[in-house]
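Novice: Show me how the following folds:
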Amino acid sequence: MEHLPQQLEFLREIDQLKGIIRQTLLIDKSRKENSAEHSWHLAMYAMILSEYANEPVNVGRVIQMLLIHDIVEVDAGDVPLHGNGDKSEQEQREKAAADRLFGLLPDQQGKNLRTLWDEFEEATTPDARFAKALDRLQPVLHNLATDGGTWETFNVDEAKVLNRCGPQIEKGSSSLWEWASQEIRQYFK
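Specialist: Residues are numbered from 1 along each chain as shown. Just a heads-up that it's a prediction; the model follows:
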């Protein structure tokens, strides 16, 4: 029980993720999703689609990565993939946010989550590559289901979608990318 106050403080702090509004529309087009909903949805993607990973993955670790990957948005905010934000500046804000937020936890627990977050960001392991693939795939599927969604908002063409999403998805799941790329091409026809 000695760590409980720190753990509860962390959990209270990350509740703010529910208020970080992304650009992605819900499939019913009623509103934009928040980052907490996005993370939950990606965890479900991992459970359901893990058979399509290019390499064997530990689904539990992939789910953990997906549940924590956007926690840094509590401090750093969300920058849309197709927006024009400064990527290096955003990376610095996210690293500072990771230091602060994971630093709220008891030492070893915070270090473990920070290591997992760094692994996701670096995408050098099979688990992280698959998690990153799903993080790029989900907005693609939402855009396809919402008549272009953010692609229309940001005036994104087929080449940009293929170039910005394809490499990341393909590294984690060539079969999911094969399917998605056909759907993207069909949408832009």
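
Novice: What is the helix ranked longest in the chain packed up against?
Specialist: Secondary structure assigned by DSSP state H gives helix 126-145 as the longest helix of the chain. Where contact means 3 or more C-beta pairs under 8 Å, 6 or more residues apart in numbering; DSSP states H and E, helix 126-145 is packed against strand 21-25, helix 35-49, helix 59-68, helix 107-122, helix 149-153, helix 158-172, helix 174-188. For the C-beta atoms, the positions are set from N, CA and C on the backbone; glycine is no exception.

Novice: Next, format these as a markdown table and append mean pLDDT.
Specialist: Shown next, in a markdown table, are the helices and strands packed on helix 126-145 (pLDDT from 0 to 100):
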| stretch | mean pLDDT |
| --- | --- |
| strand 21-25 | 94 |
| helix 35-49 | 98 |
| helix 59-68 | 98 |
| helix 107-122 | 98 |
| helix 149-153 | 91 |
| helix 158-172 | 96 |
| helix 174-188 | 98 |
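
Novice: And these: which comes nearest Q6?
Specialist: Closest approach to Q6 among those is made by helix 107-122 (8.4 Å; C-beta to C-beta).

Novice: Which residues are in contact with the residue nearest to the spatial centre of the chain?
Specialist: For the chain, the residue nearest the mean C-alpha position is D135 (3.9 Å; C-alpha atoms, centre = their mean). D135 makes contact with 42, 66, 69, 168 under the criterion C-beta atoms under 8 Å, 6 or more residues apart in numbering.

Novice: out of these, which is most surrounded?
Specialist: Within those, most neighbours by other C-beta atoms under 10 Å means L66, with 26 neighbours.

Novice: Report the separation between the residue lying closest to that residue once chain neighbours are set aside and V161.
Specialist: In this structure, L66 finds its nearest non-sequential neighbour in L42, 4.1 Å apart by C-beta to C-beta, 6 or more residues apart in numbering. Distance, L42 to V161, by C-beta to C-beta, to the nearest Å: 19 Å.

Novice: Check T146 too.
Specialist: Shown here: T146 relative to V161, a distance of 14 Å by C-beta to C-beta.

Novice: Which one of those two is surrounded by more residues?
Specialist: V161 (24 against 17).

Novice: for that one, what are its contacts?
Specialist: With C-beta under 8 Å, 6+ apart, V161 has these contacts: 140, 143, 151, 184, 188.

Novice: which of those lies closest to G83?
Specialist: W151 (12.3 Å).

Novice: Can you tell me the closest non-neighbouring residue to that closest one?
Specialist: Using C-beta to C-beta, 6+ apart, the nearest residue to W151 is N143, at 5.1 Å.

Novice: So what's the model's average confidence on the longest helix of the chain?
Specialist: The average pLDDT within helix 126-145 is 97.

Novice: and the residue nearest to S50 when sequence neighbours are not counted, what is it in contact with?
Specialist: Using C-beta to C-beta, 6+ apart and skipping the chain neighbours, the partner closest in space to S50 is V59 (4.8 Å). With contacts defined as C-beta under 8 Å, 6+ apart, the neighbours of V59 are 46-47, 50.
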